[in-house]
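Chemist: predicted coordinates and the sequence they were generated for:
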Amino acid sequence: MIRRALVTLGLVVLWSAASVAATLDVATFRAHPPEIGTVVLVGYVVDTYACPPCPAGAQCKPCQGDHVIIADTPGADTRRGLVILMPAAALAQFRIGQRYRIEAELRAVRSTSPFVGELHLRAAQLEAIP
């Protein structure tokens with residue numbers, strides 16, 4: 001089995017060929033959301049967001065969390081993308097317009113929307129554009 005080493009947050013994560021074969025694009029993920037657990041996605045970063053700092057003792061608006069939005073095409077409408085939540089330190093590795101292979105954990109959340117889950121970054125790799 002082929003394995004690739006990815007670096008994220010200072011940790012080396014082994015990416016097996018089996019997980020690479022199950023890679024989903026954004027449209028496929030939206031059409032057929034997988035079960036809760038690990039998912040491998042490929043897409044272009046169309047937006048990044050870092051939560052603004054909140055001074056100690058202040059009452060700040062809740063923030064969804066630091067994240068990137070990926071879509072199937074560069075420059076796509078952010079509303080058609082997927083939000084990948086991540087620690088602030090990981091956000092710096094992503095560039096708008098670049099294509100990435102992202103391993104994320106799909107976690108269940110309480111919601112009234114048809115898609116009930118949050119994607120949390122586990123590892124990412126810059127992809128060559130085909």
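Modeler: Yep, that arrived.
Chemist: can you give me the strands in this protein?
Modeler: Residue ranges of the strands in the chain, as given by DSSP state E, are 3-8, 11-16, 37-49, 67-71, 82-85, 99-107, 118-126.
Chemist: tell me the residue in the chain that is farthest from the middle.
Modeler: What lies farthest from the middle of the chain is Gly57; by Cα atoms, centre = their mean that is 30.9 Å.
Chemist: run through the residues that contact that residue.
Modeler: For Gly57, no contacting residues are found, by Cβ atoms under 8 Å, 6 or more residues apart in numbering. C-beta coordinates here come from the backbone N, C-alpha and C atoms, glycine included.
Chemist: over to Ile69?
Modeler: Counting by Cβ under 8 Å, 6+ apart, Ile69 makes contact with 45-49, 78, 81-84.
Chemist: could you export the residues you listed as TSV, including distance to Ala124, neighbour count and pLDDT?
Modeler: What follows is the contacts of Ile69, written out as TSV (distance: Cβ to Cβ, whole Å; neighbours: other Cβ atoms under 10 Å; pLDDT from 0 to 100):
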residue	distance to Ala124	neighbour count	pLDDT
Val45	10	21	98
Val46	15	22	97
Asp47	15	16	97
Thr48	12	15	97
Tyr49	16	16	96
Thr78	18	12	94
Gly81	15	21	95
Leu82	13	23	96
Val83	14	15	95
Ile84	8	25	96
